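Asker: my questions are about this predicted structure, shown below with the sequence.
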Amino acid sequence: MLKKFSLLSLSAAVLASMSVNGVPTDAQAVTLKWHTFIPPVANPSKFYKPWAAKIAKDSGGKLKVKLFWTMQLGGKPTQLLDQAKDGVVDIVWTLPGFTPGRMPRVEPFELPFVHKDPVSTTLALQDFQAKHLGPDLKDYHPLLLHVHAGFLFQTKKPILKMEDLKGMKIRAASRAGVWMLQAFGAIGIGMPLPRIPGALSKGGIDGVTLPYEIAPAVKTQDLVSHFSILEGHQPRLGTNVFTLLMNKKKYEGLPNDLKRVLDANSGRNIAKAAGELWVKIEEPGRKVIASKKKNKFHTIPAIEVARLKAAAGPVFDRWYDEMKKIGVDGPALVKDARAMIEKYSK
């Protein structure tokens, strides 16, 4: 069970975990434009607001990250990767899953039941990035790859067995998630996060696969009534990979002292803090859901979980076929992803 925590102390912990010695003295002031699709009230802001503040502090105010939320700088969530690549903005935080096939080598972590928890999976992603993700990230300077706590069913009708999913229209964030839902008998629909409230309220979808923490941002506490996790040591169906990516030329053009500040607040230096925060922000999201008397929490029994896992087998085969088309050894990537997660789960 997650322990109660203070958001203020949590933010302080994030800041402390991103430490760097000394303050640069030889750099000109630089402001980086950071762009994302979520609103500033969403729980992930509890990571990125302290992160931006820490960079300003460590640089003595000479490197600042200005945060732009909810696509304030224009475009659609599906265009964020290109915005960073083309220099429209300096940094983006987004999901590669919004543009299926764009970064296929990260997808083993999004396949059903591979993920365990956000700390071990995020730490594993750092190893996996160094070994496998060069081709996918060649157009960017990666600052962090991480995951959320894992998605569960959030639906208008209860889900306690696989038959309950038949014909339901359920949103997923990635193609692996869509394929998983199809394998379960549901109608999987890929959809960026901002479109969820309208789709739920107008009947375009019957539910979503999301973690608790993001529920208040898309109002699932009001728009659906049933929340289903899995019995056993792996209570979530899977997760999604998030990428914090910087324009490559912008990074290369920074003075060396500011590069050092950014490097100290990137990658392995902040991965554990990111994983731990995404564990902890589940609790306030769940509390918002529980505050509505209409909402009910369910646990899908182990016998049904086994059926879901068996049904998910073809999802892997489908992904392996897609990887074969681009000359990538899919089974080897999945094997490595599982081994790396297991390494950090011990």
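Answerer: Perfect, I can see it now.
Asker: how about the helices of the stretch 151-300 of the chain, start to end?
Answerer: 175-183, 196-201, 215-218, 220-223, 248-252, 256-264, 268-280, 282-290 (DSSP state H, counting those that start in this stretch).
Asker: make a markdown table out of these and add distance to Ile91, mean neighbour count and mean pLDDT.
Answerer: Glycine gets a C-beta too; all of them are placed from N, C-alpha and C. As requested, those are exported to a markdown table (distance: least, CB to CB, whole Å; neighbours: other CB atoms under 10 Å; pLDDT from 0 to 100):
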| stretch | distance to Ile91 | mean neighbour count | mean pLDDT |
| --- | --- | --- | --- |
| helix 175-183 | 25 | 23 | 98 |
| helix 196-201 | 24 | 18 | 98 |
| helix 215-218 | 20 | 23 | 94 |
| helix 220-223 | 28 | 21 | 98 |
| helix 248-252 | 8 | 15 | 98 |
| helix 256-264 | 10 | 18 | 98 |
| helix 268-280 | 14 | 21 | 98 |
| helix 282-290 | 25 | 18 | 97 |
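Asker: may I see those helices arranged in JSON lines, with distance to Ala124 as well?
Answerer: Formatted as JSON lines, the helices of the stretch 151-300 of the chain follow (distance: least, CB to CB, whole Å):
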{"stretch": "helix 175-183", "distance to Ala124": "17"}
{"stretch": "helix 196-201", "distance to Ala124": "28"}
{"stretch": "helix 215-218", "distance to Ala124": "26"}
{"stretch": "helix 220-223", "distance to Ala124": "28"}
{"stretch": "helix 248-252", "distance to Ala124": "24"}
{"stretch": "helix 256-264", "distance to Ala124": "21"}
{"stretch": "helix 268-280", "distance to Ala124": "9"}
{"stretch": "helix 282-290", "distance to Ala124": "19"}
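Asker: Asp127: which of those helices is closest?
Answerer: Closest approach to Asp127 among the helices of the stretch 151-300 of the chain is made by helix 268-280 (9.1 Å; CB to CB).
Asker: before we move on, the earlier item: ok, which of the helices of the stretch 151-300 of the chain comes nearest Val305?
Answerer: Of these, nearest to Val305 by CB to CB is helix 175-183, at 13.4 Å.
Asker: what about Leu230, how many neighbours?
Answerer: As a burial measure, Leu230 scores 21 neighbours (other CB atoms under 10 Å).
Asker: can you check the one 10 residues further on too?
Answerer: Neighbour count for Asn240, taken as other CB under 10 Å: 24.
Asker: touching, it and Ala173? I think so.
Answerer: Yes - counting by CB atoms under 8 Å, Ala173 is a contact partner of Asn240 at 4.8 Å.
Asker: quick check: neighbours shared by these two?
Answerer: By CB atoms under 8 Å, 6 or more residues apart in numbering, Asn240 and Ala173 have these common neighbours: Leu95, Gly97, Phe151.
Asker: make JSON lines from these and add neighbour count to it.
Answerer: Shown next, in JSON lines, are the shared contacts of Asn240 and Ala173 (neighbours: other CB atoms under 10 Å):
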{"residue": "Leu95", "neighbour count": "23"}
{"residue": "Gly97", "neighbour count": "25"}
{"residue": "Phe151", "neighbour count": "25"}
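Asker: among these, name the ones in strands.
Answerer: Judged by DSSP state E, the shared contacts of Asn240 and Ala173 include no members of strands.
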